[in-house]
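Asker: sequence unavailable; structure follows:
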C-alpha cells in the first residue's frame, strides 16, 4: 500500500500551472493526471486490503467474474474480454489463482482445444470474505457521497462509450448482462 505524499502543495495543480505557462491551459492534462494518480491510490489501497487474502485487485476481479458466471467457469478468452485485459494477463492471473487453489482449469466441452477456468469452493469463500472487506472500505472511495459516485460512474461511462467499449446506454432501459 502506498503512502500519502503529505506535500504542502498539490503537485498536479503545480504541473498544470507550469503547463499553462508553457503551452496554455489544458483542463484535459490536469484531469488525466488526476485520474492516473487516483488509480495509483486506489490500486494501492485495494491491493493492500486484499493482501491478507493472498489476492491483488486483478485476481479478485477474476474471482468475482467467475462467481457471477452461471456455471462458475468461463473460457480464458471470455475472462480477458470481460476484464478488458490482454490474454497474457489472464493466463498469469489464472496461473496464480490456480496455484492458490482458488480456481482450476478444465477442458471446455464446447471447444475441444479450449480451456475453462472454474472457481473452487475455497475460491468462492475467499471471494466472499474479501468482498466484505472491500465493501467495508467503500472500495477506497468512502470520501464520496453516493450521488458523487453515480456522477463519477456516468462521467467515465461517457469516455468508455466514446472509446468504443460498448454502445451508449439507452435512457431508461435495463442493460443486458
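Answerer: Thanks, I have it. Note that this is a predicted model, so its numbers are computed, not measured.
Asker: immediately after the helix or strand of the chain with the lowest mean pLDDT, which helix or strand?
Answerer: Least confident helix or strand, the chain: strand 111-119 with a mean of 90, by mean pLDDT, DSSP states H and E. Note on strand 111-119: by DSSP states H and E, the next helix or strand toward the C-terminus is helix 121-136.
Asker: packing partners for the helix or strand just after that following helix?
Answerer: Next helix or strand after helix 121-136 toward the C-terminus (DSSP H and E): helix 146-163. Counting contacts by 3 or more CB pairs under 8 Å, 6 or more residues apart in numbering; DSSP states H and E, helix 146-163 is packed against no other helix or strand. For glycine as for every other residue, the C-beta is placed from the backbone atoms N, C-alpha and C.
Asker: report the distance from helix 146-163 to the chain centre.
Answerer: 14 Å (CA atoms, centre = their mean, to the nearest Å).
Asker: state the mean pLDDT of it.
Answerer: Averaged over helix 146-163, pLDDT sits at 95.
Asker: buried residues in that helix?
Answerer: Neighbour counts over helix 146-163 (16 or more other CB atoms under 10 Å) mark no residue as buried.
Asker: what does that helix contact?
Answerer: Under the criterion CB atoms under 8 Å, 6 or more residues apart in numbering, residues 141, 144, 166, 167, 168, 169 lie in contact with helix 146-163.
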